[in-house]
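Novice: got a predicted structure plus its sequence, pasted below:
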Amino acid sequence: MKKDVVLEVRDLVVAFDTDQGRVRAVDGVGFELKKGSILGIAGESGCGKSVTALSIIRLLPRPVSSILAGQVLFQGKNLLTTPIRQMHKIRGRKIAMIFQEPMTALNPVHSVERQMKEVFELHFPRLTAVSVRDRSLEMLTRVGIPDPGQVLKKYPHQLSGGIRQRVMIAMALSCEPDILIADEPTTALDVTVQAQILELIKALKEKSGMSIILITHDLGVIAENCDQVVVMYAGRIAETADVRSLFKNPLHPYTKGLLASIVSRAEISKTVLPTIEGNVPSLSNMPAGCRFAQRCPFVKQICLHVTPGEVPAGKGRTAACHLINEEPE
Amino acid sequence: MPILEVRRLKKYFPVLGGVFLRRTGWVYAVDDVSFFVKKGETFGLVGESGCGKTTLGRCIMGLYDMTSGSVRVQDSSISKLTPAQKKSLSTHLQMIFQDPYESLDSRQTVRQILEEKYIIHGKARNDLSVVIGQLLENVGLSRDCLSRYPHEFSGGQRQRIGIARAVSMNPEIIICDEPVSALDVSVQSKILNLLLELQKTMGLTYVFISHDLSVVRHMSDRIGVMYLGKIVEMADASTIYNNARHPYTRALLSAVPLPDPDARKKRIVLTGEVPSVENPPPGCRFHTRCPHADVICQESEPLLLDREKDSGHVAACHFF
């Protein structure tokens, strides 16, 4: 592993057992997370971005899912083969996660105080009750909650969506993790609150130097917050790039189509928007070759038979497309 | 001559509490909203969750009884109609719902879903096959879908079925309540294209409700911005986006993340949360979060006024 890389995922394959047999929700995904940076994972629903995140901290539902292959390297260890008791010490302490829906991720029958206390009791069993409370208050203050003493006493349903998500972030950051995985952290929130939460996450990152994996379907959020981007399509990586090059010069036809179809990129309103033909193939019935081939406007014979590997395409970029090498860069 | 006119519409929901569930307060979901929509245009309503935009749409549809005010469709006032007249009005006024997973009956086939409306309005079932097949093709689905159930379709296809249902009786006005917010980006653009195409071919008038400003901008001719049950600013789509007057509109616009890394702009990040509609702040409802708030904002409520006469650009702010 390179020196500035805190987490590396290699050739991850995750399968789910369904009525239609075993399907590969994630099929050969690999990327690196650089220290102190924000890596965005973008893609539409069902592309495997959340499954990838859950595999990193081994929170996939069992027994329906299984990790068939791959490595997740963190601090010289492969997390996929680490005994589950040691995983408990890493989860929350070194790698924390915040989820999309703060209402379902928080426990509705426990007060905020009790849920925050749990984190400290698990990872710092020697702390006294008083210092646990002090630390909880401090964390709530750091995430910008105006009246932390009151919020501690409340139950999740008594809080607004924005405050709930702040509580989630406070809990996730209370052990000062090295890595924060944020799975659609602002999707359930209004735009003005979304702006607040994203500013907060960035500010906390600057202070603590942690690294972040930000999973979202919103390309606007990606553009404004991430350093590196991984674009996923149907369980595979279509393209990886730094954020500027991705938006300025997308290489993979899927990325091109996706960017073109964003409403806010339309120059004149009420005109027909560019679209990507067809639908995402179902996981149980994946076409051979490139998974985007059926919808690709530039499809060639080879695309229908041979799966494209991720080929390097310029500085720090890869694209899984047969056409990359043919075009002069 | 407006095809739809909403005048001073108010909708308050009672809050029940205590041992005997007596009314302990009101939720001021929509509070004194007026606007009109001209034939063939799209009127966009934007705002954050809880601002009353969905309630407003449902009051226009007659799904909720309004507390006071009036809604006039083609010169007839909705609240004064007899049940029979209401039924015939329903062919003029239709709705597309947000969640294509919940708005279709999962036990009905597509044929049954689409037939129902015709049968209620007195058509014989036998005559319908051709009509419904054509309807499906108009929204981009094939005739083979007729005997399938909603769960066999993707979100985008389901929304197409919902749209087919809404346009089936050749309505004049369609209320689109967040029609694309449950869909992925690439599917969104297809549905928006379909809505634009139908508007052109059928001469439809839309009231387009959404929290997504870029979607509303793309679809609308005129836009009303709502905050806590009130319209705070209303103007042409381009005016709203280029020349917003109300501080809330400006903050809302600046909060939208743009898909362009070089456009990282100076953002007006609002502090605080949206106050509760049960207990809205006195004076200007936005003053608790407004960066320009002054004493007057706490004391008197600003009226929706235009700065230049007849410009059609109105905003409810003491300063801008």
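Specialist: Everything's here; your move.
Novice: quick one, helices of the chain?
Specialist: Using chain A. A:49-56, A:84-90, A:102-105, A:112-123, A:129-142, A:148-153, A:161-173, A:191-208, A:219-225, A:243-248, A:253-260 (DSSP state H).
Novice: that answer is for a different chain, and I need it for chain B
Specialist: B:53-61, B:83-89, B:110-120, B:128-138, B:155-167, B:185-202, B:213-219, B:237-242, B:247-255, B:295-299.
Novice: ok now the longest one, how far from the chain's centre?
Specialist: Okay, so that is helix B:185-202. 16 Å (Cα atoms, centre = their mean, to the nearest Å).
Novice: what mean pLDDT does that helix have?
Specialist: Mean pLDDT, helix B:185-202: 92.
Novice: any buried residues in it, and which?
Specialist: Going by neighbour count (16 or more other Cβ atoms under 10 Å in any protein chain shown), the buried part of helix B:185-202 is B:185-196, B:198-199. Using the backbone N, CA and C atoms, a C-beta is placed for each residue, glycine as well.
Novice: the second one too?
Specialist: Residues of helix B:83-89 classed as buried by neighbour count (16+ other Cβ under 10 Å): B:Leu89.
Novice: shaky segments in the stretch 201-320 of chain B?
Specialist: B:264-265, B:310 (pLDDT under 70).
Novice: that one against chain A: which residues are in contact?
Specialist: Within the stretch 201-320 of chain B, the positions near chain A by Cβ under 8 Å from any Cβ of the partner chain are B:211-215, B:217-221, B:237-238, B:251-252, B:254-264, B:267, B:269-274.
Novice: now with 6 Å?
Specialist: B:214-215, B:217-218, B:255-261, B:264, B:269-270, B:273 (Cβ under 6 Å from any Cβ of the partner chain).
Novice: from those residues, list the buried ones, please.
Specialist: The buried subset of these - by 16+ other Cβ under 10 Å - is B:214-215, B:217-218, B:255-261, B:270, B:273.
Novice: I figured A:Val263 hits B:His218, correct?
Specialist: Yes - counting by Cβ atoms under 6 Å, B:His218 is a contact partner of A:Val263 at 4.9 Å.
Novice: what phi and what psi does the backbone show at A:Leu80?
Specialist: phi -70, psi -20 (degrees, to the nearest 10).
Novice: pLDDT value on the closest residue to chain B within the stretch 1-150 of chain A, please?
Specialist: Nearest residue of the stretch 1-150 of chain A to chain B: A:Glu44, at 4.0 Å (Cβ to the nearest Cβ). You'll see A:Glu44 listed with a pLDDT of 87.
Novice: excluding sequence neighbours, find me the nearest residue to it.
Specialist: Closest residue to A:Glu44 apart from its sequence neighbours, by Cβ to Cβ, 6 or more residues apart in numbering or on different chains: B:Asp184 at 4.0 Å.
Novice: roughly how far does that neighbour sit from A:Val229?
Specialist: Separation of B:Asp184 from A:Val229 (Cβ to Cβ, to the nearest Å) stands at 17 Å.
Novice: among those two, which residue is more densely surrounded?
Specialist: Remark: of B:Asp184 and A:Val229, A:Val229 carries more neighbours, 27 against 21, as counted by other Cβ atoms under 10 Å in any protein chain shown.
Novice: spatially central residue for chain B, please.
Specialist: For chain B, the residue lying nearest the average C-alpha position, counting by Cα atoms, centre = their mean, turns out to be B:Ile209 (2.6 Å).
Novice: wait, that residue sits on B:Lys53?
Specialist: Yes - here B:Ile209 reaches B:Lys53: they are 4.9 Å apart, a contact under Cβ under 6 Å.
Novice: re earlier: how about CSV for the buried residues of helix B:185-202, with distance to chain A added?
Specialist: Shown next, in CSV, are the buried residues of helix B:185-202 (distance: Cβ to the nearest Cβ, whole Å):
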residue, distance to chain A
B:Val185, 6
B:Ser186, 5
B:Val187, 8
B:Gln188, 7
B:Ser189, 4
B:Lys190, 5
B:Ile191, 10
B:Leu192, 6
B:Asn193, 5
B:Leu194, 10
B:Leu195, 10
B:Leu196, 6
B:Leu198, 13
B:Gln199, 9
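Novice: and residue 293, how many residues sit next to it?
Specialist: Chain wasn't specified; assuming chain A. Neighbours around A:Ala293, by other Cβ under 10 Å: 23.
Novice: think we crossed wires, I meant chain B
Specialist: 17.
Novice: tell me which residues touch the nearest residue to it once chain neighbours are set aside, please.
Specialist: Nearest residue to B:Ala293, sequence neighbours excluded (Cβ to Cβ, 6+ apart): B:His287, at 4.2 Å. By Cβ atoms under 6 Å, 6 or more residues apart in numbering or on different chains, the residues touching B:His287 are B:293, B:297-298.
Novice: and if you look at B:Pro259?
Specialist: Counted by Cβ under 6 Å, 6+ apart, B:Pro259 has contacts A:219-220, A:223, A:262.
Novice: which two among the residues you listed are spaced furthest apart?
Specialist: Using Cβ to Cβ, the pair of the contacts of B:Pro259 lying farthest apart is A:Ala223 and A:Ile262, separated by 9.9 Å.
Novice: neighbour count winner among these two?
Specialist: A:Ala223 (25 against 22).
Novice: quick one: residues contacting A:Gly70.
Specialist: A:10-13.
Novice: likewise for A:Arg62?
Specialist: Contacts of A:Arg62 by Cβ under 6 Å, 6+ apart: none found.
Novice: what's the pLDDT at it?
Specialist: For A:Arg62, the predicted pLDDT is 84.
Novice: tell me the spacing between it and A:Arg265.
Specialist: 41 Å.
Novice: list the buried ones in the helix or strand of chain A with the lowest mean pLDDT?
Specialist: Scoring the helices and strands of chain A by mean pLDDT, DSSP states H and E places helix A:102-105 at the bottom, with a mean of 78. Neighbour counts over helix A:102-105 (16+ other Cβ under 10 Å) mark A:102, A:105 as buried.
Novice: please apply the same query to stretch B:101-119.
Specialist: In stretch B:101-119, counting by 16+ other Cβ under 10 Å, buried: B:103-104, B:109-111, B:113-115, B:117-118.
Novice: what's the local residue count around A:Thr82?
Specialist: 15.
Novice: leaving out the residues flanking it, which one is nearest to it?
Specialist: A:Ile90 (7.3 Å).
Novice: now B:Gln199
Specialist: B:Tyr206 is the one closest to B:Gln199 (Cβ to Cβ, 6+ apart), at 6.4 Å.
Novice: again with B:Ile223
Specialist: In space, B:Ile223 is closest to B:Gly44, 4.2 Å off (Cβ to Cβ, 6+ apart).
Novice: in this structure that neighbour contacts B:Arg222, no?
Specialist: No - counting by Cβ under 6 Å, B:Gly44 stays clear of B:Arg222, with 7.1 Å between them.
Novice: more neighbours: which of the two?
Specialist: The neighbour count for B:Gly44 versus B:Arg222, taken as other Cβ under 10 Å, is higher for B:Gly44 (26 against 20).
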